[in-house]
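> Sequence unavailable; structure follows:
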């Protein structure tokens, strides 16, 4: 098993892992918003959510190929992690990451994050950042981040309202 820089030949596997890993998160997001609201507010509406997530990884790889790593066993990619380095502010950010479903529960995300954090330290960075959701679909991610030492949180909540379902009238006189 190796955690290594991704190469061009790994991109199709990363694409597939991205879709597999982010599907429950996407479904949770749509369930929370409702399909009507999601269709109106989603980012890059000309793309499916799968295309948008895949393009995030592809763009990062095009600009900074050394910021996308894969878990490889015998030539088979079963996990990935991407990150950015923000040298001028002395921090690194863990970005998209995923793991093949049959490898869940064996500590692979924690393994990847620890290596990325070691890389941040080797680059002389002081801080590390990751963001994640508070919904149930993100519970495994939150556990893995906490297991690797992330201990400061800034919880946020996004509120939406379907104005067509409720008319309270104007409160302005």
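Looks like it came in fine. Please read these numbers as outputs of a predicted model, since none were measured by experiment.

> Dig out what residue 72 forms beta bridges with.
residue 2, residue 77 (DSSP bridges).

> where's stretch 131-139 relative to the chain centroid, distance-wise?
10 Å (C-alpha atoms, centre = their mean, to the nearest Å).

> Next one: residue 85 relative to residue 10, how far apart?
Distance, residue 85 to residue 10, using C-beta to C-beta, to the nearest Å: 20 Å. C-betas here are computed from N, CA, C, even on glycine.

> which stretch of helix or strand covers the closest residue in space to residue 133 that isn't next to it in sequence?
Distance criterion C-beta to C-beta, 6 or more residues apart in numbering; nearest residue to residue 133, sequence neighbours excluded, is residue 25 at 6.7 Å. Counting by DSSP states H and E, the element that carries residue 25 is helix 11-33.

> Doesn't residue 4 lie inside a strand?
Yes - under DSSP: H, G, I helix; E, B strand; the rest coil, residue 4 sits within a strand.

> and the gap between residue 63 and residue 31?
Using C-beta to C-beta, residue 63 is found at 33 Å from residue 31.

> Between those two, point out the one with more neighbours.
residue 31 (12 against 9; other C-beta atoms under 10 Å).

> So what's the predicted local confidence for the more buried one?
Per-residue confidence at residue 31 stands at 94 (pLDDT).

> where exactly do the helices run in this protein?
11-33, 35-41, 49-63, 108-122, 139-147 (DSSP state H).

> Now do the buried residues in the second one.
Neighbour-count burial for helix 35-41 flags residue 38 (criterion: 16 or more other C-beta atoms under 10 Å).

> Check which helices and strands that helix sits against.
helix 11-33 (3 or more C-beta pairs under 8 Å, 6 or more residues apart in numbering; DSSP states H and E).

> just how off-centre is the helix it packs on within its chain?
Taking mean C-alpha positions (C-alpha atoms, centre = their mean), helix 11-33 and its chain are 9 Å apart.

> What's the mean pLDDT across stretch 42-49?
pLDDT averaged over stretch 42-49 gives 88.

> Over to stretch 117-131?
97.

> Low-confidence ranges, this protein, go.
167-173 (pLDDT under 70).

> and for the helix holding residue 25, what are the contacting residues?
Contact with helix 11-33 is made by 6, 38, 41, 49-50, 53-54, 57-58, 61, 68, 70, 76-80, 96-101, 133, 135-138, 160, as judged by C-beta atoms under 8 Å, 6 or more residues apart in numbering.
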